[in-house]
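Visitor: Okay, here's the prediction I keep looking at, along with the sequence it came from:
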Amino acid sequence: MSNSHNILLNTAHGLMIVNRHEIDHDFGVAKSLAEDGVYEPEELRLLTDAIGYLKPAPVLLDVGANIGVHTLEFARHSARTGGQVHAFEAQRILHGMLCGNVALNNHLNVRCHHAAVGAETGELEMPAIDYGRPTSFGSIELGTRSQREPIGQELQWSGTGEKVALITLDSLALPRVDLIKIDVEGMEQAVLQGARQTLLRCHPVLSIEHIKSDVLALREWLRAMNYVIYPLGRMNYLCIHSANPVVSMVGVDALPD
């Protein structure tokens, strides 16, 4: 149908619902899936390899899940040992697509949360988003009520927009967390601050997008928490606690202090 935003793509990650308008933009998850059939394959390979080193039945968190590429891979690679995945997405439309992609691929070990994740609990206002325009929808920045990166459309925060629950990872009180992927368009450090007790208790492996963050402050915070930081592609850090045995299994050099 001409007025339909969503289509199905057969990808390396499984059958996926994507927004066809994102394919027409210069960049975005859907564009990569349509053109290459895969999204961030090298970064995903390293992360899924790391899952193999975790204890059986790992608990994996996908914070900023978008339509679920990492969620699907985490679910597939952890299911054989009883792993569980929690996926968090703030945009209501993307969250619906995320749930659809999990269901299409029969991943019963995933729980999808419609929530933003940050340093405190409360509510977060969403901008007005036109899902019928060529846009990188996963690049929308929610933390400052402004959009620095051009994404294909101007966003407006009217004060009367949709609200989404804002939670912290600590507020979930999960008894175990083994790996956290964080891709939240500049809110990465806020997510970490709201997960401080979880990190101190569980020492999870971290994958953090850093291109919209204050990288010096981010590195300082992580090192103060006894994390060793490794480059993970062009835009991400892989961070492993010094007490986590996985630290000896990473095949790349750590960033210098």
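Guide: Cool, the structure landed. Numbers count the residues shown, from 1 in each chain.
Visitor: drop to CA atoms for contacts and neighbour counts, all remaining ones
Guide: Noted.
Visitor: Any regions of the stretch 1-150 of the chain where pLDDT drops low?
Guide: Counting by pLDDT under 70, the stretch 1-150 of the chain contains low-confidence residues at 1-2.
Visitor: just so I have it, where are all the strands in this protein?
Guide: Assignment of strands within the chain using DSSP state E yields the ranges 6-11, 14-19, 59-63, 84-89, 110-114, 116-117, 122-125, 163-167, 179-182, 205-209, 227-232, 236-241.
Visitor: now the ones you listed as CSV including distance to residue 33 and mean neighbour count?
Guide: Shown next, in CSV, are the strands of the chain (distance: least, Cα to Cα, whole Å; neighbours: other Cα atoms under 10 Å):
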stretch, distance to residue 33, mean neighbour count
strand 6-11, 6, 14
strand 14-19, 9, 22
strand 59-63, 19, 26
strand 84-89, 19, 24
strand 110-114, 21, 19
strand 116-117, 25, 28
strand 122-125, 29, 17
strand 163-167, 28, 18
strand 179-182, 20, 24
strand 205-209, 19, 24
strand 227-232, 20, 20
strand 236-241, 19, 23
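Visitor: For those, give me a markdown table that also has distance to residue 134.
Guide: Written out in a markdown table, the entries for the strands of the chain read as follows (distance: least, Cα to Cα, whole Å):
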| stretch | distance to residue 134 |
| --- | --- |
| strand 6-11 | 12 |
| strand 14-19 | 9 |
| strand 59-63 | 24 |
| strand 84-89 | 20 |
| strand 110-114 | 24 |
| strand 116-117 | 24 |
| strand 122-125 | 23 |
| strand 163-167 | 24 |
| strand 179-182 | 25 |
| strand 205-209 | 23 |
| strand 227-232 | 28 |
| strand 236-241 | 25 |
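Visitor: Can you say which of those is nearest to residue 137?
Guide: Nearest to residue 137 among the strands of the chain is strand 14-19; the distance by Cα to Cα comes to 8.9 Å.
Visitor: That closest one vs strand 6-11, what angle?
Guide: Orientation note: strand 14-19 sits at an angle of 150 degrees relative to strand 6-11 (axes from the mean of the first three to the mean of the last three Cα atoms, to 10 degrees).
Visitor: That concludes my questions; thank you for your assistance.
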